[in-house]
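Engineer: model the structure of this input:
(one chain, ligands or ions: 3)
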Amino acid sequence: MKKVYIETYGCQMNVNDTEVIFAILAKAGYERTESIDEANLIMANTCSIRDNAEQRIWGRIEVFNQQRKSRPGVLVGIVGCMAERLKDKLLDTRKVDLVVGPDAYRSLPRLLEAITPESPQMDVLLSREETYADITPVRTDRNGISAFISIMRGCNNVCSYCVVPYTRGAERSRDANSIVREACDVYSKGYKEVTLLGQNVDSYLYKSETETVNFAQLLARVADIAPDLRVRFATSHPKDISDEVIYTMASKPNICRHIHLPVQSGSSRMLELMRRKYDREWYLERVSKIREVMPDCGLTTDVIAGFCTETEEDHALTMSLMDEVGFDWAFMFAYSDRPGTLANRTMQDDVPADVKNRRLNEIIELQNRKSLERYRGKIGHSMHVLVEGPSKRDPNMLCGRASNNMMCVFPAGNLKKGDYTDVTVTDATSATLICK
Ligand code: SAH
Ligand code: SF4
Ligand code: F3S
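Structural biologist: Ligands and ions are numbered 1, 2, ... in the order given. Next up is the predicted model:
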C-alpha cells in the first residue's frame, strides 16, 4: 500500500478538508502516515490568508523537494488555498508534481494516476455545488472527543482585504440531512463534541424540494441528536448573526455558550472600507443582545491592525471597542496586502510596517490584560467541563473546555477523557482556569 503524508495549514476548514482528502485517497489505495520519511506522496494543504502564511509553505516546499530528490518516485502535492491562488506558478517551480484547489479533491486519484516526471498535474476548478457531502472524513484529531464538520464552503462576502472568496469560490450550503447524519455517526463512535464550520455560518441556508433549513434550525437539529453531544460553531459574521440563532443557543444547554465574532476594527470608517457591512454601533448592539440573552456567553474575536488609511484615531477606536467589550480571547493580525483583493486593486497599503506593528503590539497588550481580567473573573465560579485528556503542562492533571470555550485544568481523580464534570475555579492565567 502507498502512503500519504499531509501537513495542514490555515483554518479549521482546511483541517476538515485534509480529512476529506484522506478519505478520497484511501479509496485510491493510499494509507495515511505521520512520518514524512516513509511517504510516497507528500502534500501540504495550504493557506493564503496572509503573506507570512504563504512564506511558511514556500519553506516547506523546499523540504519536500529534498525528499523528492533523495527518494525517487516520491510525489509532492500542493493543495488548498495557495494552490488555488497561484495555480501553475507552483508547477513552474518544478518542485511540485500536483496542484489541486479546494473544490477539486475528487479528481486526486485520477490526477495521481496521470503524473509522470514530464507531466505534473493540476486541477483548480472552483465549483458552485461541491460540498463533499457524501464523503465521510477520516478523522485526524488525536483525542476522539471533538470532531469538525463543514456545513458550507466558499464565501459570498467581499471583505476588501480578504482572499478567501478567490481561493474558495462562491458560498454553498451542504445538505442539512448529511450534516445531521455525520454528527450522529461521530456521536455513535464516541465523540462528545462537534464544531460546525463555515466562513459565515449565519448565512447557512439549505434548500431542497421538500425543506428549507437555516442556521438556527440546523443548530437545533444537531443539538437534538443527544443531550450529551456538545455543539460548537464558527465563524459568525456580525452582520448576519440573528436573534433566532441567539435564542436557539439559549434554549439548548448543549449548544456551547461561545461565539467567535470577528470585529476586525472598532472604527466605522475602517469597517466601511473593509466592506464588512456593519458599523461599530451595530457590532456593540449584537454584543449587548448576546449578553442580555446569555450573560455567561464567551466572546472571542479577530482584529486587523493597520488596514489601508488607518489613522491613530481609528486605532484608538479599535482599542476602545476591545476595552468596552472585554473579549475572552482574540486573534490579532497586522494587515497583509493580498494580490487580487479589492483593497489591493483600489487602495494603498499606506500604513508603514513599524506603525502597523506598534499598533498590533498595543492591541495584543490590551487583549492580554483583558483576557487575564476575564479569566480571573471566573475565580469562585463553577464550570461544566468536557474532559479532553491530560494537561500539556502537568500530566497528573486533566484539561477540558468549559461551555464558554475557556480551557480548564483540574486534578484527574477517577475521570477519563469524554467524561463531563463540574469544577470550581480557584485561580487563573490569561488562557487557563485552574480548577478543583
Ligand atoms: N470568515 C471569517 C474570517 C476568515 S479569515 C470572518 O469573516 O470573520 C480569519 C481572519 O484572518 C479574519 O477574521 C481576519 O481578521 C484575518 N485576515 C483576513 N485577511 C487578512 C489580511 N489580508 N491581513 C491580515 N489579516 C487578515
Ligand atoms: Fe473573508 Fe469576509 Fe468572507 Fe470572512 S466573510 S472569509 S473575512 S470575505
Ligand atoms: Fe487560509 Fe484558506 Fe482558511 S486562505 S484561513 S486556509 S479558507
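Engineer: wait, a helix at P102?
Structural biologist: No. Assigned with DSSP: H, G, I helix; E, B strand; the rest coil, P102 falls outside any helix and is coil.
Engineer: from what I can see it touches E84, true?
Structural biologist: Yes. At 6.1 Å, P102 and E84 qualify as touching, with contact defined as Cβ atoms under 8 Å. C-beta: built from backbone N, CA, C; applies to glycine.
Engineer: what sits in contact with each of those two?
Structural biologist: By Cβ atoms under 8 Å, 6 or more residues apart in numbering, P102 and E84 have these common neighbours: 126, 167-168.
Engineer: TSV for the residues you listed, including secondary structure, distance to ligand 2 and neighbour count?
Structural biologist: Output for the shared contacts of P102 and E84, formatted as TSV (DSSP: H, G, I helix; E, B strand; the rest coil; distance: Cβ to the nearest ligand atom, whole Å; neighbours: other Cβ atoms under 10 Å):
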residue	secondary structure	distance to ligand 2	neighbour count
L126	coil	15	17
T167	helix	10	27
R168	helix	8	21
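Engineer: same for ligand 1: which of those are within range?
Structural biologist: The overlap between those and the neighbours of ligand 1 (Cβ under 6 Å from any ligand atom) is empty.
Engineer: distance to D134 and pLDDT added to those residues, as a markdown table?
Structural biologist: Below are those laid out as a markdown table (distance: Cβ to Cβ, whole Å; pLDDT from 0 to 100):
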| residue | distance to D134 | pLDDT |
| --- | --- | --- |
| L126 | 19 | 98 |
| T167 | 23 | 98 |
| R168 | 20 | 98 |
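Engineer: make TSV out of the residues you listed and add distance to ligand 3.
Structural biologist: Putting the shared contacts of P102 and E84 into TSV (distance: Cβ to the nearest ligand atom, whole Å) gives the following:
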residue	distance to ligand 3
L126	13
T167	5
R168	5
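Engineer: of these, closest to ligand 1?
Structural biologist: Taking Cβ to the nearest ligand atom as the measure, ligand 1 lies nearest R168 of the shared contacts of P102 and E84, at 9.8 Å.
Engineer: buried residues of the helix or strand that contains L90, list them for me.
Structural biologist: If you go by DSSP states H and E, L90 is part of helix 88-92. Neighbour-count burial for helix 88-92, with 16 or more other Cβ atoms under 10 Å as criterion, is recorded at 90-91.
Engineer: which elements pack onto it?
Structural biologist: Counting contacts by 3 or more Cβ pairs under 8 Å, 6 or more residues apart in numbering; DSSP states H and E, helix 88-92 packs against strand 98-100.
Engineer: what's the first helix or strand after the strand it packs on?
Structural biologist: helix 108-114.
Engineer: name the surrounding residues that touch that following helix.
Structural biologist: Counting by Cβ under 8 Å, 6+ apart, 21, 24-25, 27-28, 41, 75, 98, 100, 121-123 sit against helix 108-114.
Engineer: averaged pLDDT, it. What do you get?
Structural biologist: Averaged across helix 108-114, the pLDDT comes to 97.
Engineer: mean confidence for whichever helix or strand comes after that helix?
Structural biologist: Note on helix 108-114: by DSSP H and E, the next helix or strand toward the C-terminus is strand 121-123. Taken as a whole, strand 121-123 carries a mean pLDDT of 98.
Engineer: going forward, begin numbering at 3 instead of 1
Structural biologist: Let's use 3 as the start, then, which means that last one is strand 123-125.
Engineer: contacts made by the helix or strand that strand 123-125 is followed by with the rest, please.
Structural biologist: For strand 123-125, the succeeding helix or strand toward the C-terminus, using DSSP H and E, is strand 148-152. Applying Cβ under 8 Å, 6+ apart, the contact partners of strand 148-152 are 14-15, 17-19, 21, 133-134, 141, 143, 176, 181, 184-185, 188, 193-200, 390.
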